[in-house]
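Visitor: Sequence and predicted structure below; questions after.
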Amino acid sequence: MTRVYLPPDANTLLSVADHCLRSRDYVNVIVAGKQPALAYLTMDEAIAHCTRGVGIWRWASTATAEPDVVLACAGDIPTLETLAAADILRRELPELAVRVVNVVDIMRLQLESEHPHGLSDKEFDALFTRDRPVIFAHRGYPWLIHRLAYRRANHARMHVRGFKERGTTTTPFDMVMLNDLDRYHLVIDVIDRVDGLGSRAAMLRQRMMDARLAARSYTREYGEDDPQIAGWTWESSERNERSE
């Protein structure tokens, strides 16, 4: 039986690695980066989150009950960009109820009848809703998420951003933009897919397009990412500690 894990930070990576090294007779795949990254969870929080395999990050969400949109993410870079997008939405559209869902164990997206780690329909719907748009940022090919979740009630409203084999040697954020996985594009996806938001947030959408152009121009001129982008932290919480 194969298990695939996409830890979003150093503490979840430690938790996942510990679990995999203790397991026997399984093929465990861990997908993780090698660059310094933000630490979002304490060790205890990371263990609990990895044990669940998927969960709502309440500290990053603005929805206290039913959300207007779900921002889902799997993997370190997609999680960073999703949180940055959630931060923009929190500041620019405070009335929008956003739920952030992080997936560590990608097999949780499958039905429980298809994989031992799969979620029941009730569990899946409780996280991703049955009728709200889901913007899913994934560190991999988008079709994988669709294949895992295609039998779910809300699959038709699930929009996945992931790797599209675009870009070669460039800056980290430019590579993300080339694959339409950046924070600005995720905000645009939200504006385009939440009912009634298109006209109300037209100016914000335009600013996000301008921000993408400005970020690309910066990399072309200076050969590196804009420090404001590369040095982004979660300002509305204390979870901005750098981990090596």
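Guide: Noted; the coordinates are in hand. Since the structure is predicted, the reported quantities are computational estimates derived from the model, not experimental observations.

Visitor: For the longest helix seen in the chain, report the contacting residues that lie outside it.
Guide: For the chain, the longest helix by residue count, based on DSSP state H, is helix 202-222. Residues from elsewhere that reach helix 202-222 (Cβ atoms under 8 Å, 6 or more residues apart in numbering): 88, 92-93, 170-171, 173-174, 177, 182, 184-185, 187-188, 191-192, 198, 225-226, 229. Backbone N, C-alpha and C define where each C-beta goes, glycine included.

Visitor: in the chain, which ranges drop under the pLDDT threshold?
Guide: Within the chain, the segments meeting pLDDT under 70 span 167, 235-244.

Visitor: Give the buried residues for stretch 23-31.
Guide: Across stretch 23-31, burial judged by 16 or more other Cβ atoms under 10 Å covers Val31.

Visitor: Now do that stretch: everything it contacts.
Guide: Contact with stretch 23-31 is made by 1-7, 13, 16-17, 20, 75, 139-140, as judged by Cβ under 8 Å, 6+ apart.

Visitor: quick one on the thing from earlier: report the distance from the longest helix of the chain to the chain centre.
Guide: Here helix 202-222 is found 21 Å from its chain centre; the criterion is Cα atoms, centre = their mean, to the nearest Å.

Visitor: mind listing what's buried in it?
Guide: Those buried within helix 202-222 under the rule 16+ other Cβ under 10 Å are Leu204, Arg205, Met208, Ala211, Arg212, Ala215, Arg216, Tyr218, Thr219.

Visitor: I'd like the next helix or strand past it.
Guide: Sequence-wise, the next helix or strand downstream of helix 202-222 (DSSP states H and E) is helix 227-230.

Visitor: what helices or strands is that next one leaning on?
Guide: Under the contact definition 3 or more Cβ pairs under 8 Å, 6 or more residues apart in numbering; DSSP states H and E, helix 227-230 sits against helix 172-178.
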